[in-house]
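Colleague: Build me a model:
(chains A and B, ligands or ions: 1)
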Amino acid sequence: MDIIQELSEQLQQGNPKKAAELTQQAINENIDTKTILDQGLIAGMSVVGEKFKQHEIFLPDVLLAAKAMYAGMDLLKPLMLKEGIPTIGKVVIGTVQGDLHDIGKNLVAIMLKGAGFEVIDLGNDVSPEKFLDTAEKENADIIGMSALLTTTMPVMKKVIDLAKERQIFGKKKFIVGGAPLSTEYAKEIGADAYCFDGMSAVEAVKRFTSISS
Amino acid sequence: MKGKDLRPVVRFLENNLIERIIAEARDIMCKLGIEIHNERILTLLADHGARVDKNTQKVFFNQSLIDKAIAATPHSFKLYDVLGNEAVDLSGFNVNFTPGSAAIYCLDGSTKTVRKPTTSDYIRYAKLMSRMKNIASQSTAMIPSDVHEKISDSYRLYLNLLYCEKPVVTGAFTIEALEIMKELQLAVRGTKENLKAKPLTVFSCCPTSPLKWSEVTSQNLIDCAAYSIPVEYIAMPLSGFMSPVTIVGTLVQHTAETLSGLVISQMFNPGTPVLYGGSPAFFDVRYETTPMGSIATMMIDCAYNEIGKYLSIPTQAYIGLTDAKSLDVQAGFETATGATLAALAGINNISGPGMIDFESCISLEKLVIDNEICGTMLRLVNGIEPKEDFPSLPIFEELLRDKHLLIADHTRKYFKEEDYLPGPVINRANRSRWEEDGSITEWDRATREIEKQLKSYQPTRLAENIQSDLIKLMSAEAHKFGMNELPKRD
Ligand code: B12
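Modeller: Residues are numbered from 1 along each chain as shown, chains lettered A, B, ... in the order given. Down below sits the predicted model:
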């Protein structure tokens, strides 16, 4: 089996050790960085995502595969930096101010990272300023907000309004999620997407960073 | 022997397993500690001998502190309606039902779609609750979307108190909201002493799994304790995700989280009434959800209730609700399975009726169906006992002589209590009679029942002057957030 395909396989099996070894081997064999990333790691993770959706595998399998993804990414990152290959996308994520529910947000963060995105997790009870300051400082492509309470959901609108004020609205994509959210609400406040679970979040972010799934 | 002594009981845990689970939980509390994001509570617990690390906000409990808290906890308490009459007895194996709480959505009866509730939905709900015979208390069941979000938790309680006399199971979303929610209760009872003597509400306070209390919910605990307002600890370990995947492992975590809340309440105000509650779930690794209808979730509920009972503390659980999105077979199956287990386990306050879709949606149609399910369960727990059955010869002589027992004294005396007669939503007509009555589906029977009950609604007997005090308090609160008036209530 060719090494890239084996890397993808091992990632799908959720084997971080093997994934790291194979990534290193591929690097040593001078296979180009982008190929290792796209056809090894990301392609493997896409298969995982599809199988998860079909209930062929379960969430623990996805998170294990994500771990294998990180293991490979850790080795690729320095090369990507050196070769000027941009990361596939950077996401700033957090639970909005006044809300302490972070389980769903954490899961989304893990799955985005697992899909190869760089994720900056601001935790919970995050102020509108902090979302935007971080996104600007880190030059993130996407801002992800979570709210589980009807009472804290309006904070999302504040973040977007502040983004308009600071004239960064339109330059970054806003994705939102959590039990009281909906596509309609996302539209109403000007967010780019509402996602109902981790996988749909990965798909949305892929769409916005123009990576096909 | 009387039937009550032979009350049917379901048990999942043996005493030695309960003891082991409690011992392991106490070990965790003492050795791993519980994170509590609340300076005042950290100081309180340090003063009571716990080791506190202010940097990590971790409290390391000790065995005697835990013993002291358990010893201080009341073994039972009662709730009283707005008029001061006893309404709910939380003791022993008594079973009481209360609707699910804090739904984000309501299922609109006319369009059969979900939407955000408004004041008028809420009033319909509260009025309907006053007519639900088998549901002992009301809850702040949904969040009205037509008031400022900062008052949307207290506003629910306000409407409950104006439209239904039953005691209220509720909760605050912030530290500040509890203040007005307490004021509303003081307005009803008159004084702090009266409120203590006759509790009107129970507040849900949630630890954050794993092994943590947030500032808001821990402050809610002590603010309630200051007024002897009962609380229910609602730990939500999610098996396989935020707690061990096994039921026993999840129970250990639930016990540690609940006992840590117990110590906070009892050290702040010894003797303050509490419910040993929870809303755990066995995490679904396919859909990333927290199913209430999972059999493992229900088993965890019943089992921690056994632990609460072992500690002689009255219990609560979110059980007897469903994850279905509509009123279908899944809804009936999950609700009735949960309600049956909960009733047989003797969970004292069963939070569930009316709720669908992972605690996120209230349906009035479901509420009237569930009222009948609750009636069924209340019958079930009364068990079987002889009622003038011995000696048997006389009644059989009567049967053989008269060829039937329909008009026998024995029949007329006991037919209403030996079986529970559900309806009108649950239908027991034969097909022809059902067709003659219009072949009405369950949904439509539920809708009719709602309208019928709402027509029979009797306004609250709460004194006019108290009602105007409530209105004044709530209006002033709304004013703080820029609302010049509260939504119309007609
Ligand atoms: C677990 C839970 C808690 C835990 C949270 C622990 C934690 N660390 O997060 C605890 C016990 C602490 C808790 C506390 C409270 N809770 Co709570 N809680 C829940 C519960 C049961 C499940 C939430 C959950 O974790 N689900 C599992 C995860 C995996 O799913 P998820 O969160 O929906 O996330 C997924 C998607 O929504 C999406 N997603 C989520 N975020 C994001 C973000 C982005 C960017 C994207 C793309 C996608 C996305 O992807 C995720 C992965 O699949 C819900 C019920 C429900 N139906 O949601 C109530 C619920 C949200 N809680 C509720 C309430 C009322 C409270 C309290 C106020 C109760 C109290 N009085 O103490 C407090 C809140 C205090 C505060 N200020 O925040 C209500 C909300 C009511 C309302 N109308 O707003 C609910 C609906 C339950 C109820 N009916 O009472 N709660």
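
Colleague: can you tell if the helix or strand containing residue A:159 touches chain B?
Modeller: Element membership for residue A:159 (DSSP states H and E) is helix A:154-165. Yes - counting by Cβ under 8 Å from any Cβ of the partner chain, chain B has neighbours in helix A:154-165: residue A:154. The C-beta positions use only the backbone N, C-alpha and C, and glycine is treated the same way.

Colleague: what's the neighbour count on the nearest residue to residue A:114 once chain neighbours are set aside?
Modeller: Take residue A:114 and drop its neighbours on the chain: the residue closest to it by Cβ to Cβ, 6 or more residues apart in numbering or on different chains is residue A:66, 2.5 Å away. Neighbour count of residue A:66, defined by other Cβ atoms under 10 Å in any protein chain shown: 22.

Colleague: by contact count, what packs against the host helix or strand of residue A:66?
Modeller: Per DSSP H and E, residue A:66 falls inside helix A:59-83. Contact partners of helix A:59-83 among helices and strands, from 3 or more Cβ pairs under 8 Å, 6 or more residues apart in numbering or on different chains; DSSP states H and E: helix A:3-12, helix A:16-28, helix A:33-35, helix A:43-53, helix A:103-114.

Colleague: can you give me how far stretch B:133-140 is from the chain middle?
Modeller: On the basis of Cα atoms, centre = their mean, to the nearest Å, stretch B:133-140 sits 9 Å off its chain's mean C-alpha point.

Colleague: In stretch A:204-213, which residues are buried?
Modeller: Judged by neighbour count (16 or more other Cβ atoms under 10 Å in any protein chain shown), stretch A:204-213 contains these buried residues: A:204-206, A:208-209, A:211.

Colleague: can you check stretch A:27-41 too?
Modeller: So, applying 16+ other Cβ under 10 Å, buried residues of stretch A:27-41: A:27, A:31, A:33, A:36-37, A:39-41.

Colleague: how is chain A carved up into domains?
Modeller: A:3-83, A:90-212 (automatic domain parsing).

Colleague: interface residues of chain A facing chain B?
Modeller: So chain A meets chain B at A:55, A:58-60, A:98, A:100, A:103-104, A:107, A:149-154, A:179-180, A:197-198 (Cβ under 8 Å from any Cβ).

Colleague: Now with 7 Å, please.
Modeller: Counting by Cβ under 7 Å from any Cβ of the partner chain, chain A comes close to chain B at A:55, A:58-60, A:100, A:103, A:107, A:149-151, A:154, A:179-180, A:197-198.

Colleague: Among those, find me the one that's closest to residue A:123.
Modeller: residue A:100 (9.9 Å; Cβ to Cβ).

Colleague: Which secondary structure state is assigned to the closest one?
Modeller: coil (DSSP: H, G, I helix; E, B strand; the rest coil).

Colleague: Find me the pLDDT at it, would you?
Modeller: pLDDT, residue A:100: 91.

Colleague: Burial check on it, number of neighbours?
Modeller: 19.

Colleague: do the same with residue A:185
Modeller: Neighbour count for residue A:185, taken as other Cβ under 10 Å: 18.

Colleague: Now do the residue lying closest to residue B:369 once chain neighbours are set aside against residue B:442, distance only.
Modeller: Counting by Cβ to Cβ, 6+ apart, residue B:425 is the residue found nearest to residue B:369 once chain neighbours are left out, at 5.0 Å. Residue B:425 is 6 Å from residue B:442, where distance means Cβ to Cβ, to the nearest Å.

Colleague: These two: who's more crowded?
Modeller: The neighbour comparison of residue B:425 against residue B:442 (other Cβ under 10 Å) goes to residue B:425, with 22 against 15.

Colleague: and that one, what helix or strand is that in?
Modeller: If you go by DSSP H and E, residue B:425 is not part of any helix or strand.

Colleague: Return the per-residue confidence for it.
Modeller: In this model, residue B:425 is scored at 97, pLDDT.

Colleague: so it makes contact with residue B:449?
Modeller: Yes - Residue B:425 is within contact range of residue B:449, at 5.5 Å (criterion: Cβ atoms under 7 Å).

Colleague: residues bridging contact with those two, i.e. touching both?
Modeller: Taking Cβ atoms under 7 Å, 6 or more residues apart in numbering or on different chains as the contact rule, residue B:425 and residue B:449 both touch residue B:368.

Colleague: can you tell me how far the residue positioned nearest the centre of chain A sits from chain B?
Modeller: Against the mean C-alpha coordinate of chain A, by Cα atoms, centre = their mean, the closest residue is residue A:112 at 2.3 Å. Noted for residue A:112: a distance of 14 Å to chain B, by Cβ to the nearest Cβ, to the nearest Å.

Colleague: Pretty sure that residue sits against residue A:202.
Modeller: Yes - contact status for residue A:112 versus residue A:202: in contact at 6.1 Å, counting by Cβ under 7 Å.

Colleague: Most proximal residue of the stretch 301-450 of chain B with respect to chain A?
Modeller: Nearest residue of the stretch 301-450 of chain B to chain A, counting by Cβ to the nearest Cβ: residue B:360, 5.4 Å away.

Colleague: Next, the closest residue in space to that residue that isn't next to it in sequence: phi, psi?
Modeller: Leaving out its chain neighbours, the residue that sits closest to residue B:360 by Cβ to Cβ, 6+ apart is residue B:104, at 4.9 Å. Phi and psi for residue B:104, reported as degrees, to the nearest 10, are phi -80, psi -40.

Colleague: tell me the contacts of residue B:104?
Modeller: A:150, A:179-180, B:143, B:360.

Colleague: Need the max-distance pair from those.
Modeller: A:179 and B:143 (11.5 Å).

Colleague: which of the two has more neighbours?
Modeller: More neighbours surround residue B:143 than the other of residue A:179 and residue B:143, with 26 against 22 (other Cβ under 10 Å).

Colleague: for residue B:214, what are its contacts?
Modeller: Applying Cβ under 7 Å, 6+ apart, the residues near residue B:214 are A:100, B:37, B:208.

Colleague: Near the ligand, list only the ones from the residues you listed.
Modeller: Filtering those for proximity to the ligand by Cβ under 6 Å from any ligand atom leaves A:100, B:208.

Colleague: Check whether stretch B:241-258 comes into contact with the ligand.
Modeller: No - under the criterion of Cβ under 6 Å from any ligand atom, the ligand is not reached by stretch B:241-258; the shortest gap measures 7.1 Å.

Colleague: Which neighbouring elements make contact with the helix or strand hosting residue B:202?
Modeller: In this assignment (DSSP H and E), residue B:202 forms part of strand B:201-205. Under the contact criterion of 3 or more Cβ pairs under 7 Å, 6 or more residues apart in numbering or on different chains; DSSP states H and E, strand B:201-205 touches strand B:168-170, helix B:215-226, strand B:231-233.

Colleague: out of these, nearest to chain A?
Modeller: Across these (criterion: Cβ to the nearest Cβ), the nearest stretch is helix B:215-226, sitting at 7.0 Å.

Colleague: Run the angle between that closest one and strand B:201-205 for me.
Modeller: Calculated by axes from the mean of the first three to the mean of the last three Cα atoms, to 10 degrees, helix B:215-226 forms an angle of 150 degrees with strand B:201-205.

Colleague: ok, which residues in chain B are in contact with chain A?
Modeller: So chain B meets chain A at B:104, B:143, B:145, B:149, B:152, B:173, B:208, B:214, B:216, B:242, B:285-286, B:288, B:360 (Cβ under 7 Å from any Cβ).

Colleague: Neighbours of residue A:21, how many?
Modeller: Applying other Cβ under 10 Å, I find that residue A:21 has 17 neighbouring residues.

Colleague: do the same with the one 5 residues further on
Modeller: Around residue A:26 sit 24 other residues, with neighbours defined as other Cβ under 10 Å.
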